[in-house]
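A.B. asks: sequence first, then the predicted structure:
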Amino acid sequence: MKAKLLFAVLGAVVCLAGCQTGPKPPPPPKSTTVVEVTPENRAPSISVSVSTAIRIVLPGPIGGPDYRWVIVSNNNRVLRQTTDVEPAAGAAGKFSVAFLAIYAGRSIVRFASIKLGESESSPDDLYQITVTAKAE
């Protein structure tokens, strides 16, 4: 009787272990699109294919070093954020963030410049990028 119970428990453990693989990682990007927002172009729109990496370049916050860029909206079913907002390599005073288009649809990515320690309800500056991802 104990042997049957042991085999039943071991079988359940093996089954559960096989079910714990988690979500499949996205495929590597097939191409990269770079979009730079500026005070003159605060709300660009782009169209990309699924599996495209998107790098968004933002100007430095107008409030200075006490401010940071925060993503306040994104349709994460369409775009998966792959990096944090960080200083852009080779572009003094600019910041960048990367996404991967993982599913066909539309996402409006909104950025707000927030003073450290303050809430997103009182932004100093705003930008948005509309991304339409199309199936191949």
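C.D. replies: Cool, the structure landed.
A.B. asks: give me the most central residue, the chain.
C.D. replies: When C-alpha atoms, centre = their mean is applied to the chain, the residue found nearest the centroid is Q81 (1.4 Å).
A.B. asks: please identify the helix or strand for L126.
C.D. replies: strand 125-134 (DSSP states H and E).
A.B. asks: all strands for the chain, in order.
C.D. replies: With strands called from DSSP state E, the chain shows them at 31-36, 45-49, 52-58, 67-73, 79-81, 86-87, 95-101, 105-115, 125-134.
A.B. asks: tell me which of these is the most buried.
C.D. replies: The highest average neighbour count among the strands of the chain, using mean count of other C-beta atoms under 10 Å, belongs to strand 95-101 at a mean of 22. C-beta: built from backbone N, CA, C; applies to glycine.
A.B. asks: still on that earlier bit, okay, the strands of the chain in TSV with mean pLDDT next?
C.D. replies: Below are the strands of the chain laid out as TSV (pLDDT from 0 to 100):
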stretch	mean pLDDT
strand 31-36	95
strand 45-49	97
strand 52-58	97
strand 67-73	93
strand 79-81	96
strand 86-87	91
strand 95-101	97
strand 105-115	94
strand 125-134	95
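A.B. asks: adjacent strands (with direction) for the strand holding L126?
C.D. replies: The strands that strand 125-134 pairs with in its sheet are strand 45-49 (parallel), strand 105-115 (antiparallel) (by DSSP bridges).
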